[in-house]
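Peer 1: Got a predicted model here, sequence first, then my questions.
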Number of protein chains: 2
Amino acid sequence: MKKNKGVPVEQSGPLMADVAQLAGVAISTVSRALANPGRVNEKTRAKIDAAAKQLGYTPNAMARGLRVGKSNTIMIILPGSLYYGASQVIPQVLQSINKSLIKEGYNLMIANLGRDEASERHILDLAFGGTVRGAIILSSKLPEIDGRSLASAGLPIVSMLLDMSDAGLPSVVTNDREAMQDVTADLIRLGHRRFLYLAGPEGNYHDVERYGGVLEALEKAGLSESAVVRSGGNLDYQQGFDIGVQAADDFAGLADKPTAVIATSDDMAISFMSRMQCMGLRIPDDLSVVSFDGSPVCAFCSPPLSTIEQPVEEMGQAAVALLLAAIDRPEQKLEMRNVIRSRFIQRESMAAPA
Amino acid sequence: MKKNKGVPVEQSGPLMADVAQLAGVAISTVSRALANPGRVNEKTRAKIDAAAKQLGYTPNAMARGLRVGKSNTIMIILPGSLYYGASQVIPQVLQSINKSLIKEGYNLMIANLGRDEASERHILDLAFGGTVRGAIILSSKLPEIDGRSLASAGLPIVSMLLDMSDAGLPSVVTNDREAMQDVTADLIRLGHRRFLYLAGPEGNYHDVERYGGVLEALEKAGLSESAVVRSGGNLDYQQGFDIGVQAADDFAGLADKPTAVIATSDDMAISFMSRMQCMGLRIPDDLSVVSFDGSPVCAFCSPPLSTIEQPVEEMGQAAVALLLAAIDRPEQKLEMRNVIRSRFIQRESMAAPA
DNA sequence: TTGTACGCGTTATCAT
DNA sequence: ATGATAACGCGTACAA
């Protein structure tokens, strides 16, 4: 059943026509039997199913996509530099999202959004070329080039990890601010009065929220903003580990030493702790450390590292649910800010100051 | 230019026909101008490019794919359980592969191969439904169900990390055996005579090669095979961290204590070290530890962990090169076993026995 | 060098 | 309930 008319035919499998022929029905009946099993006679449906199975028939996704004008692929846009901040959680995010998507009949395509034009163009081609039906974005910047912008692609987009509701994107985030406020309050309660804050890229959502949480806790406790020193922040596109190393140097240069460190990612906390210990400081005796992410490895640091665990699994599920809602019911208004609460895992890295 | 004939029209962008009309040429000329810029008059090409840019035209990938009978999407098949073994390297692998693919005009789709039938079916649908043009697989098992098997999908497949040349798949691996032999020899040279080996899933390629390397080193040094005790191995589908924890218990139960530990992944080495130190052992004074993967975090363990670094970046590039070669020149025989040498990063976790 | 016409595999409309 | 047929958007022989 391969009509070869001058055009080279690839290694293509059985077609719907083959199934139809074997089942002794029309091709359109096969189509229905497979899509709307209800709208076809019980017996003929059985015949068709049998024929399809016998031939090992699989519908051609591109043909279907072309015909119905929709694809069933979702794209996830990852930040170009995987090693800042939430990098530890990427594999879990992917797995969670992919699992949820597959359940609903979708596929997951990966896109990396770097600083180069090529990566922006690639993403826009995916969007405007009809390859993808929707996008989940883990980066704060929306691709825009040559007058085409992802925002205006007519594509449902959901943001995850970062709150981009200001930009009109429904977002799934965790309670960064509140969590940071709580943990800072805990430290204050333990007796800490001077803090070092390890920042990711300055001014981005996580920085604003998390640092904001720290400041609020200080204020509530009647402490001045000067109780906290910032480190990192200006080091875009670096591994979190590097930020921790740099922060250790910063710490060494401080006259009035902090007694507690609040890091915005596990990576930087880990490298920072390591450097501190090399310098002879004991944790938590001389210095308490807490961080953000909840990477499994924290349980096995020495000392075990207290961390705010991001509920990545649930966030992924929520992002998918939101996106599919936007696809299936475009008219419906979506909740713009969806908060999934984090969980603080307290371990031996924090204690009362000496 | 939206011919709407009873069929609901989605938010579809400008078509080739629109570009043709604006440029005042035939639709086929536009097609050529965009695909083979050489085979069309300089001036008309300019007109067409201008029109395309003005309209913000992006070719529809599904329509093209259907027409040419090929997709430009590659799928990467990840093991269902991300946290065993090489899990630490997944983000780097994805980034490296995606970058290489995009440069050649391909997209990357993700697939997770779990133990469930659904995930197998999903992968097979992707393959047989023409959605993907080739696959890179990081799992040892090929999906097979209902008589359809990935191996017989007529799809180029390349294996990465695991050598599956036995199964007929060109593979990109590192020199696991040799690297393990070298590091074991190093330990022997330092004076170690009793070893603990932390295994991943027993009998898989990594286990066979790496454990084989250890045994060879022992033999070369005139030591008996009984000089090494195995731990782990039977704990499929677990986090590497759990294996290290379990191994610590095993260690505690040993009468004749090993003085050196060889782990097959960084995860298990890290959790193992942590537990050992809780038990009061000092590393490397009482116990040397080396592992495999080269995760960045190893540099910041206490003590810094010696590890065999997998050249993930290069392996990804090689896998892509191999796959594209298989796609572009199907007749050409490919090198079945492509070895990219690892690099041993020696750190403070290893020393001479007390 | 450019235009005409057809088909890729599927779904949706319409008529039976 | 089923069958014939016309698109979906694009690429390519072929004719001009």
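Peer 2: Looks like it arrived, so ask away.

Peer 1: neighbours around A:L190, how many?
Peer 2: By other CB atoms under 10 Å in any protein chain shown, 15 other residues sit near A:L190. (C-beta placed from N, C-alpha, C; glycine too.)

Peer 1: now do A:V68
Peer 2: Around A:V68 there are 13 residues (other CB under 10 Å).

Peer 1: Which pLDDT value belongs to it?
Peer 2: On pLDDT, A:V68 comes in at 96.

Peer 1: go on, A:G191?
Peer 2: What the model reports as pLDDT for A:G191 is 98.

Peer 1: Give the pairing partners of whichever strand or helix holds A:V158; include direction for each.
Peer 2: For A:V158, the element it lies in under DSSP states H and E is strand A:157-160. Strand pairing for strand A:157-160, using DSSP bridges, gives strand A:134-137 (parallel), strand A:171-174 (parallel).

Peer 1: what's around the nearest residue to A:G80 once chain neighbours are set aside, how many residues?
Peer 2: Spatial nearest neighbour of A:G80, excluding adjacent residues (CB to CB, 6 or more residues apart in numbering or on different chains): A:G114 at 3.0 Å. By the criterion of other CB under 10 Å, A:G114 has 17 neighbours.

Peer 1: on that earlier part again, reformat the strands paired with strand A:157-160 as JSON lines; add mean pLDDT and distance to A:S302.
Peer 2: Output for those, formatted as JSON lines (pLDDT from 0 to 100; distance: least, CB to CB, whole Å):
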{"stretch": "strand A:134-137", "mean pLDDT": "98", "distance to A:S302": "36"}
{"stretch": "strand A:171-174", "mean pLDDT": "98", "distance to A:S302": "27"}
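
Peer 1: Reformat these into CSV and put mean neighbour count and distance to DNA strand C next to each item.
Peer 2: CSV is the format used below for the strands paired with strand A:157-160 (neighbours: other CB atoms under 10 Å in any protein chain shown; distance: least, CB to the nearest atom of the strand, whole Å):
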stretch, mean neighbour count, distance to DNA strand C
strand A:134-137, 25, 19
strand A:171-174, 26, 31
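
Peer 1: want to throw those strands into a markdown table with distance to B:A319?
Peer 2: Below are the strands paired with strand A:157-160 laid out as a markdown table (distance: least, CB to CB, whole Å):
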| stretch | distance to B:A319 |
| --- | --- |
| strand A:134-137 | 26 |
| strand A:171-174 | 33 |
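
Peer 1: What segments of the stretch 1-150 of chain A are helices?
Peer 2: Under the criterion DSSP state H, counting those that start in this stretch, the stretch 1-150 of chain A contains helices at A:16-23, A:27-35, A:42-55, A:61-68, A:90-103, A:117-128.

Peer 1: The ones you listed into a markdown table, with extra columns for distance to DNA strand D?
Peer 2: Formatted as a markdown table, the helices of the stretch 1-150 of chain A follow (distance: least, CB to the nearest atom of the strand, whole Å):
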| stretch | distance to DNA strand D |
| --- | --- |
| helix A:16-23 | 7 |
| helix A:27-35 | 3 |
| helix A:42-55 | 4 |
| helix A:61-68 | 3 |
| helix A:90-103 | 24 |
| helix A:117-128 | 10 |
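
Peer 1: These: which one's closest to B:S224?
Peer 2: Set against B:S224 and scored by CB to CB, the helices of the stretch 1-150 of chain A come closest in helix A:90-103, at 40.1 Å.

Peer 1: Can you get me a residue count around the nearest residue to A:L55 once chain neighbours are set aside?
Peer 2: Excluding the flanking residues, the one nearest A:L55 by CB to CB, 6+ apart is A:P14, at 4.2 Å. Neighbour count for A:P14, taken as other CB under 10 Å: 19.

Peer 1: I'd guessed the residue nearest to A:G80 sits against A:L78; true?
Peer 2: No - contact criterion CB atoms under 8 Å: A:G114 and A:L78 do not qualify, at 9.7 Å.

Peer 1: interface residues of chain A facing DNA strand C?
Peer 2: A:3, A:5, A:7, A:9, A:12, A:15-17, A:27-28, A:31, A:34-35, A:59-60, A:63-64, A:66-68 (CB under 7 Å from any atom of the strand).

Peer 1: pLDDT weak spots in chain A?
Peer 2: Filtered on pLDDT under 70, chain A yields the residue ranges A:1-11, A:82-87, A:235-238.

Peer 1: rerun at 90
Peer 2: Residue ranges of chain A with pLDDT under 90: A:1-12, A:79-92, A:114-115, A:140, A:146-147, A:200-204, A:232-242, A:354.

Peer 1: tell me the domain ranges of it?
Peer 2: Structural domains assigned to chain A are A:2-59, A:73-173+A:312-340, A:176-310, following automatic domain parsing.
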